[in-house]
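**Q** test case, fold it:
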Amino acid sequence: MAATPQNPAASAPRRKVSRHRGEGQWAAGHFTPLNGNEQFKKDDDGLNVRTRIETIYSKRGFDSIDPNDLRGRMRWWGLYTQRKPGIDGGKTAILEPEELDDKYFMLRVRIDGGRLTTEQLRVIGEISQEFARGTADITDRQNVQYHWIRIEDVPEIWNRLEAVGLSTTEACGDTPRVIIGSPVAGIAEDEIIDGSPAIEEIQRRIIGNKAFSNLPRKFKSAISGSPLLDVAHEINDIAFVGVNHPEHGPGFDLWVGGGLSTNPKIGVRLGAWVPLDEVTDVYEGVISIFRDYGYRRLRTRARLKFLVADWGAEKFRQVLEDEYLKRKLVDGPAPAQPVERWRDHVGVHRQKDGRFYVGFAPRVGRVDGATLSKIADLAEAHGSGRVRTTVEQKMIVLDVEEAQVESLVEALEALDLTAKPSPFRRGTMACTGIEYCKLAIVETKQRGSSLIDELERRIPDFDEPITININGCPNACARIQVADIGLKGQLVLDENGEQVEGFQVHLGGALGLEAGFGRKVRGLKVTSEELPDYVERVLRRFQDEREDGERFATWAARAGEEALS
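**A** So this is what the prediction gives:
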């Protein structure tokens, strides 16, 4: 048909109609892989790579590793290649993975519930000294991470860990990651319910089970019966929070869909009360929804939080009940707001059996293998056989008799592991940073440690709870959006117009008490060198302007931009 003024479309090129491929949801019949990650997972389950590591790669060396194993499936066993030394942050997003890769690995030991015996801790320390150049960082998910691991040594490391009941199984990858739990489960005087049996049952049924080893992305979980809300439940894919039901007694309130990174979301309550003996069934139902309905088209939208945001709590609960549990859940109450501002269990606290636990603060989670071995020795010398890690990069020694407490506190102090930290030592966390991480843009651990020293020297009278979280990139491993002062690493311009390491600042984030994300002040970025000056300035303004009893987060929400700059 010829084009006419009455029919202009006749001359327009015909637009190609493309069929939308959906979001890659298995439950919708979309099984064709839509990206490289989905393809390598379909080609071979990540759990199968262990055999190749033990029989081929550890014997033939780094150069023999298949690329899809190296940057994909090996994560299913806690292994990431670490950053090659000497590559600055400006090249992080420019270089290809093989250019960033060193021939050494980070290896993550999963510590579900943060629970360790002194024997296990000593083995972790010994492995660090023998195979990891002394490295052993405590993470904000209760794990321990080694660096400088050679592929040749991995089978022997596994043998030693597994001989004492530890594992790196699914410590990374698109899997059910470590189940974080209250580090004082079963011993705290004020505990609502002990979630430890549920953690153990989930480990038995879910971890290493190939029915759940190919998820759209990672799956983070938390279980705690502490009224302190001590597991950051608001930012996990699934969380069980201790509550007392008015009719049924102690149990758990169910939360889903939390997470941070570049699209942060606070988890939502499903309004359901779950008794202890049903936690694993509900966990399995939720992780199955994620496996079957989770988005697999774009990695950036593959976390459970995006599905929950699209469905809403009501539909999510209905699908869980109707399709997976085949029964209705009991409606239940929300958890009460915690009375305490600190949730890290640092200090000396009485247990319900009359003994004491002692929580102490390493510097930004940075310890070493020799120190971990010494902690095990100290714990045993003071009558304890159990230690715990926390989600704040802290540690706890359990079961200390009253007569031994003062001696233990002094011995820890001698190792620079204080049970009486300043607010800055207590509240500062840092991710791995550019020292080892291929995603990082700036240095974090040393920056955090030096910031603590500067603030203790400059503002010695500051006595308010304050959280300062330092992250080397936008991915929020150190939870920058929910800190009082969150620092996101990036390259910034200094006063001479030179590109240097620095941070975008988030202010007034919080968990527990009115959980929410910090505000970003327009254009506010600080260089690493300016950081102590900036933090001191803001904290002094807070001291001067705060109302009686006002928290930093509340002040930051109402303060003018000038006060925050």
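
**Q** contacts, neighbours, all on C-alpha from now
**A** OK.

**Q** now do the contacts for the residue positioned nearest the centre of the chain.
**A** A centroid search over the chain (CA atoms, centre = their mean) returns residue 141, at 4.5 Å, as the residue closest to the centre. Neighbouring residues of residue 141 by CA atoms under 8 Å, 6 or more residues apart in numbering: 178, 180, 390-393.

**Q** right, and residue 102 touches residue 80 too?
**A** No. In this structure, residue 102 is not within contact of residue 80 by CA atoms under 8 Å, at 10.1 Å.

**Q** tally of neighbours for residue 251?
**A** Residue 251: 25 surrounding residues under other CA atoms under 10 Å.

**Q** where's it relative to residue 275, distance?
**A** 5 Å (CA to CA, to the nearest Å).

**Q** what of residue 214?
**A** In this view, residue 214 and residue 275 are 28 Å apart by CA to CA.

**Q** and what of residue 326?
**A** From residue 326 across to residue 275, the span is 16 Å (CA to CA).

**Q** neighbour count: those two, which is higher?
**A** More neighbours surround residue 275 than the other of residue 326 and residue 275, with 20 against 11 (other CA under 10 Å).

**Q** next up, phi/psi of the more buried one, please.
**A** Here is the backbone geometry of residue 275 (degrees, to the nearest 10): phi -70, psi 160.

**Q** quick check: it touching residue 252?
**A** Yes. Contact criterion CA under 8 Å: residue 275 and residue 252 qualify, at 6.3 Å.

**Q** now the helices for the stretch 451-565 of the chain?
**A** Using DSSP state H, counting those that start in this stretch, the helices of the stretch 451-565 of the chain run over 531-545, 552-558, 561-564.

**Q** out of the ones you listed, deepest packed?
**A** helix 552-558 (a mean of 19; mean count of other CA atoms under 10 Å).

**Q** which pLDDT value belongs to the closest residue in space to residue 197 that isn't next to it in sequence?
**A** Spatial nearest neighbour of residue 197, excluding adjacent residues (CA to CA, 6 or more residues apart in numbering): residue 276 at 8.0 Å. pLDDT for residue 276: 98.

**Q** contacts only, for residue 276.
**A** Per CA under 8 Å, 6+ apart, neighbours of residue 276: 195, 197-198, 251-252.

**Q** out of these, flag the one nearest to residue 455.
**A** Residue 455 lies nearest to residue 195 out of the contacts of residue 276, by CA to CA, at 37.5 Å.

**Q** residue ranges with poor pLDDT in the protein?
**A** In the predicted model of the chain, residues 1-21, 513 satisfy pLDDT under 70.

**Q** what do you get if the cut-off is 50, keeping everything else the same?
**A** 1-19 (pLDDT under 50).

**Q** what's the neighbour count on residue 347?
**A** Using other CA under 10 Å, residue 347 has 16 neighbouring residues.

**Q** what about residue 551, how many residues nearby?
**A** Number of residues near residue 551 (other CA under 10 Å) recorded here: 18.

**Q** excluding its backbone neighbours, what's nearest residue 561?
**A** Distance criterion CA to CA, 6+ apart; nearest residue to residue 561, sequence neighbours excluded, is residue 521 at 6.4 Å.

**Q** so who does the one you found touch?
**A** Per CA under 8 Å, 6+ apart, neighbours of residue 521: 505-506, 561, 564-565.

**Q** the nearest residue to residue 232 once chain neighbours are set aside: what's it in contact with?
**A** Using CA to CA, 6+ apart and skipping residues adjacent in sequence, the residue nearest residue 232 is residue 511, 6.8 Å away. Taking CA under 8 Å, 6+ apart, we find residue 511 in contact with 232, 234, 482-483.

**Q** residue 102 and residue 80: which is more packed in?
**A** Ranked by neighbour count (other CA under 10 Å), residue 102 and residue 80 place residue 80 first, with 25 against 17.

**Q** who does that one form a beta bridge with?
**A** residue 106 (DSSP bridges).

**Q** then residue 526?
**A** Taking DSSP bridges as the rule, residue 526 bridges to residue 503.

**Q** that one contacts residue 492, doesn't it?
**A** Yes. Look at residue 526 against residue 492 with CA under 8 Å: they come within range, at 7.4 Å.

**Q** what is in contact with the two at once?
**A** 502-503.

**Q** same drill for those two, tell me which one is more crowded.
**A** residue 526 (26 against 18).

**Q** thinking again about what came up before, separate out the buried members of the contacts of residue 141.
**A** 178, 180, 390-393 (16 or more other CA atoms under 10 Å).

**Q** looking at the residues you listed, which is nearest residue 302?
**A** So of the buried ones among the contacts of residue 141, ranked by how close each gets to residue 302 (CA to CA), first place is residue 178, at 18.8 Å.

**Q** can you pull the contacts of that closest one?
**A** 110-113, 141, 143, 170-171, 220-221.

**Q** for the stretch of helix or strand residue 319 belongs to, buried residues please.
**A** According to DSSP states H and E, residue 319 maps onto helix 313-319. For helix 313-319, a neighbour-count test (16+ other CA under 10 Å) marks 313, 316-319 as buried.

**Q** one more: stretch 336-351?
**A** 342-351.

**Q** same check on stretch 83-95?
**A** Residues 83-84, 87, 89-90, 92 are the ones in stretch 83-95 that count as buried (16+ other CA under 10 Å).

**Q** what about those residues, which are in helices?
**A** Within the buried residues of stretch 83-95, no residue falls in helices by DSSP state H.

**Q** in strands only, show me those.
**A** The strands, defined by DSSP state E, take in residue 83 from those.

**Q** including distance to residue 189, could the buried residues of stretch 83-95 go into JSON lines?
**A** Converted to JSON lines, the buried residues of stretch 83-95 look like this (distance: CA to CA, whole Å):
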{"residue": "83", "distance to residue 189": "44"}
{"residue": "84", "distance to residue 189": "47"}
{"residue": "87", "distance to residue 189": "49"}
{"residue": "89", "distance to residue 189": "47"}
{"residue": "90", "distance to residue 189": "50"}
{"residue": "92", "distance to residue 189": "47"}
